[in-house]
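Chemist: From the sequence below, what's the structure:
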Amino acid sequence: MNKNKLFLLSIISVIFLVLLAGCGNKSSSTQIEKPASNAKETKEDMKLVHDGKLTFAMSGLLKPLNYEENHKLVGFDVEIGTEIAKRIGLEPNPVTNPWETILQGLKGHKYDVIIGSMTATEERLKQVDFSIPYYISGAQIFVADKNDTIKSKDDAKDKIIGVVQASTHKEVAESLTDKVKAYPSEIFALQDLGPGRIDAVITDKIVGVSAIKEQGLKIKPIDNVLNQENIAVAINKDHQVLLDKINQAITDIMEDGTYEQISKKWFGINIMEKK
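Modeler: A predicted model of the protein is given here:
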C-alpha cells in the first residue's frame, strides 16, 4: 500500500471515530438531562406541602362522608381523595381540621386541598378555587319521625332549627327563623331531634339519610331539597397544575366506573345521579 492510500485511510478513520463519539455523547446527554428536568418541573408546579403526597383535609365528623374508625380516617370523601391521589401518582394523606377554620388552614398551606364535602359557593370562590363537582347534593329539612307539625319548609318558620356552624345551611335556616342553634357536627344536631331539644335540622340530604341507616336515628326528611349544591375539591388559587390534574382524575374515575363503585359501597346509589 502506498503512502497516499495509507494517509487517506488514516484521515477517514479519525473522522469516523469523531462522529461516533459525538453521537454517543449526544444520546447520553439527552437520556440523563431530560427526565431530571421534567421531574423538577412537576415537583415545583404541583406545589405540594409534602413531596410525593396529596395531603387533603376534612372535619372527620361527617359520617359516612368522612369520620374516624379505629384511629383511621374512612368514608366516601376519604376513598374519593385516595383514588384522586393515586390517579395523579401521589400517596394519599388524609388529615383532619376543625371545619370553622378549614379554609384558613388551606390558605396557610397546612394541606394541599380540602376533600371534605365542601360546597363550592361564590363567597368561597373569592378565597380559593374549586374542582369540577365530585357529587351533587342539597339542603334538606329533617324532623323527629313522630313530628307531624312540620311537613314543609313553611311549617319550619319560627321553629328552633339546628345546623352545623360555619356551614352554608346556616344561611338557609336564618331565612326561616331567628332561632338557629349551631352544632360542631350534623350528627349531634340530628340526635337532638328525638328528645325535642330542637324542632328541625337543616343538613345535607345524604348526611341525614345516612344517619337513619347507620345511626338508627328516628328521624325523617321533609319536603324536597331546598337547594342544589355542587360539592367539590377546594384548592389554593395559585395551584393550577394540581387543579388540572385533580379535574382529570375526577373525570377518569367517573368514566371508568370507579366512582359508581365507591358511591354504592357507602350509599347504595350513585349520588352523582341523585337530584
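
Chemist: Where does T203 sit: helix, strand or coil?
Modeler: Here T203 is strand, with the state taken from DSSP: H, G, I helix; E, B strand; the rest coil.

Chemist: how many neighbours does it have?
Modeler: Neighbour count for T203, taken as other CB atoms under 10 Å: 28. The way it works is simple: take the backbone N, C-alpha and C, and place the C-beta from them, glycine included.

Chemist: Can you tell me how far it is from Q191?
Modeler: The gap separating T203 from Q191 is 12 Å, by CB to CB, to the nearest Å.

Chemist: quick one: low-confidence ranges for the chain?
Modeler: Residue ranges of the chain with pLDDT under 70: 1-44, 273-275.

Chemist: what's the burial count for N70?
Modeler: Applying other CB under 10 Å, we find 5 residues neighbouring N70.

Chemist: mind listing what it touches?
Modeler: By CB atoms under 8 Å, 6 or more residues apart in numbering, the contact set of N70 is empty.

Chemist: same deal with I102?
Modeler: 57-59, 114, 116, 118.

Chemist: Equivalent analysis for G60, please.
Modeler: With contact taken as CB under 8 Å, 6+ apart, G60 is in contact with 66-68, 73, 96.

Chemist: just L242 next, same as before
Modeler: For L242, the contacting residues are 45-48, 88, 112-113, 235, by CB under 8 Å, 6+ apart.

Chemist: Dump those to JSON lines, plus distance to K218 and secondary structure.
Modeler: JSON lines is the format used below for those (distance: CB to CB, whole Å; DSSP: H, G, I helix; E, B strand; the rest coil):
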{"residue": "D45", "distance to K218": "51", "secondary structure": "helix"}
{"residue": "M46", "distance to K218": "47", "secondary structure": "helix"}
{"residue": "K47", "distance to K218": "47", "secondary structure": "coil"}
{"residue": "L48", "distance to K218": "45", "secondary structure": "coil"}
{"residue": "I88", "distance to K218": "43", "secondary structure": "helix"}
{"residue": "D112", "distance to K218": "40", "secondary structure": "coil"}
{"residue": "V113", "distance to K218": "37", "secondary structure": "strand"}
{"residue": "I235", "distance to K218": "39", "secondary structure": "strand"}
